[in-house]
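Colleague: predicted model and sequence below, questions to follow.
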Amino acid sequence: MPEEDAFAVLLCLMRDNPYSLRHLYLPGMPALGLALFQLDRLLQVQLPELHAHLVAQGLSTATFASPWFLTLFLASLPLPLATRIFDMFMAEGLEVIFRVSVALLLANQPDLLQLDMEGMLQFLQKSVPEQFADDPGRLLTLSDHVTVPARRMKRLQKEYMSLKAKEKHELGGMKSFQVAHVLPTNPSL
């Protein structure tokens, strides 16, 4: 599409509307933190064995899934598949990214369970994109069978906001403690 049309689409995606992508890129990346929290909890329920393995290996969901959300898979998967995911995103919103993420991990769970942290990262970055190059429809078909319950996502959003508020409150208490107990009281210092 012409540059001006592409820019108009970008503006639409960034605005506060069903897409609201700008929140992914605001300082502190609040929407990204929420999305990664929700994905982690979805994995805990839908792929408990893989989730336990990720935790045991010390591999956080944020380490491998951040680019999936930040680029909507456009930088992580072959272009024919990524553009189909982007089309689905335009029609259905961010839920598609969750479904594809879970489907991608589900399709590769047996291999991932055999790998350590470094092996899983390399596998997800190098091997996974190659798998779907010849048959992009396979991942999309699998993602159609993944459920992302809206009520659960809302509940997880509330849980995440509560955790963040608690962290902020505790951090505020720590700063007060540091100021009162760590900083020297002698003004000449």
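Modeller: Everything's here; your move.
Colleague: just the C-alphas of stretch 117-134, formatted as PDB.
Modeller: Provided in PDB are the C-alpha atoms of stretch 117-134 (Å, rounded to 0.1, in the frame of the first residue of the first chain):
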ATOM      1  CA  MET A 117      17.100 -23.200  28.800                       C
ATOM      2  CA  GLU A 118      19.700 -22.400  26.100                       C
ATOM      3  CA  GLY A 119      18.500 -25.200  23.800                       C
ATOM      4  CA  MET A 120      14.800 -24.000  24.100                       C
ATOM      5  CA  LEU A 121      15.800 -20.400  23.200                       C
ATOM      6  CA  GLN A 122      17.700 -21.500  20.200                       C
ATOM      7  CA  PHE A 123      15.000 -23.900  19.200                       C
ATOM      8  CA  LEU A 124      12.300 -21.300  19.400                       C
ATOM      9  CA  GLN A 125      14.300 -18.700  17.500                       C
ATOM     10  CA  LYS A 126      15.800 -20.900  14.800                       C
ATOM     11  CA  SER A 127      13.900 -24.200  14.400                       C
ATOM     12  CA  VAL A 128      10.300 -23.100  15.000                       C
ATOM     13  CA  PRO A 129      10.200 -20.600  12.100                       C
ATOM     14  CA  GLU A 130      11.500 -23.200   9.700                       C
ATOM     15  CA  GLN A 131       8.900 -25.700  10.600                       C
ATOM     16  CA  PHE A 132       6.000 -23.600   9.400                       C
ATOM     17  CA  ALA A 133       7.700 -22.200   6.200                       C
ATOM     18  CA  ASP A 134       6.300 -24.900   4.000                       C
END
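Colleague: that one - what's its average pLDDT?
Modeller: Stretch 117-134 shows an average pLDDT of 91 in the prediction.
Colleague: repeat for stretch 88-99
Modeller: 92.
Colleague: what does it contact?
Modeller: Identification of contacts with stretch 88-99 by C-beta atoms under 8 Å, 6 or more residues apart in numbering yields 18-19, 35, 38-39, 42, 68-69, 72-73, 85, 140, 143-144, 146, 148, 150, 153. C-beta coordinates here come from the backbone N, C-alpha and C atoms, glycine included.
Colleague: noted, bye for now.
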